[in-house]
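Asks: let me see the structure of the following:
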Amino acid sequence: MTAGLLTIREMCDAFEVTPRTLRFYEAKELLSPLRQGAKRLYDRKDRARLKLILRGKRFGFSLEEIRQVLNLYERDGSNLAQMERTYDLALDRLRVMEAQRDELEIAIRELKAELEAGAGMIAGTRKAAE
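Replies: Residues are numbered from 1 along each chain as shown. All right, here's what the predicted structure looks like:
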């Protein structure tokens, strides 16, 4: 590591991502590493941004939503707009996830009932064949 900078390999190891992932986020202008020739060097800001990108992806945010939040960052620390936008997006995402969970719970119950009925039919068919 060079004066707080990480190479692409060190970033990959630290965040358990592939070089392709880092290059993809760079192409999408979510990360902007320093360049020394063909070498990419990631600073503290890039590490913080990648952490937020990965967390956002885990929660199901789109890359555009993540970009919007990242672009609201203010160096002076007055990040109220960023915090409010993140909060609103998170509330919306939580509603979607809870609705998906509810639908999944219904589907699981229905599938269990179908499996139980199917097991009964199989047992009945076997018994009749004996």
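
Asks: if we ignore the residues flanking it in sequence, what's nearest the residue nearest to the spatial centre of the chain?
Replies: Note on the chain: the residue nearest the mean C-alpha position is residue 57, at 1.7 Å, using C-alpha atoms, centre = their mean. Nearest residue to residue 57, sequence neighbours excluded (C-beta to C-beta, 6 or more residues apart in numbering): residue 66, at 7.4 Å. Using the backbone N, CA and C atoms, a C-beta is placed for each residue, glycine as well.

Asks: need the strands for this protein, in chain order.
Replies: Along the chain, counting by DSSP state E, strands occupy 6-7, 34-36, 39-42.

Asks: how near is the residue nearest to the centre of the chain to residue 87?
Replies: Counting by C-beta to C-beta, to the nearest Å, the separation of residue 57 from residue 87 is 18 Å.

Asks: next one: residue 112
Replies: The gap separating residue 112 from residue 87 is 37 Å, by C-beta to C-beta.

Asks: sorry, back to before: can you redo the strands of the chain as CSV with distance to residue 81, mean pLDDT and mean neighbour count?
Replies: Output for the strands of the chain, formatted as CSV (distance: least, C-beta to C-beta, whole Å; pLDDT from 0 to 100; neighbours: other C-beta atoms under 10 Å):
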stretch, distance to residue 81, mean pLDDT, mean neighbour count
strand 6-7, 29, 95, 19
strand 34-36, 27, 93, 11
strand 39-42, 25, 94, 20
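
Asks: distance to residue 91 added to those, as CSV?
Replies: Output for these, formatted as CSV (distance: least, C-beta to C-beta, whole Å):
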stretch, distance to residue 91
strand 6-7, 33
strand 34-36, 36
strand 39-42, 31
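
Asks: hang on, the earlier thing: OK, contacts around the residue nearest to residue 57?
Replies: By C-beta atoms under 8 Å, 6 or more residues apart in numbering, residue 66 lies in contact with 30, 52-53, 56-57.
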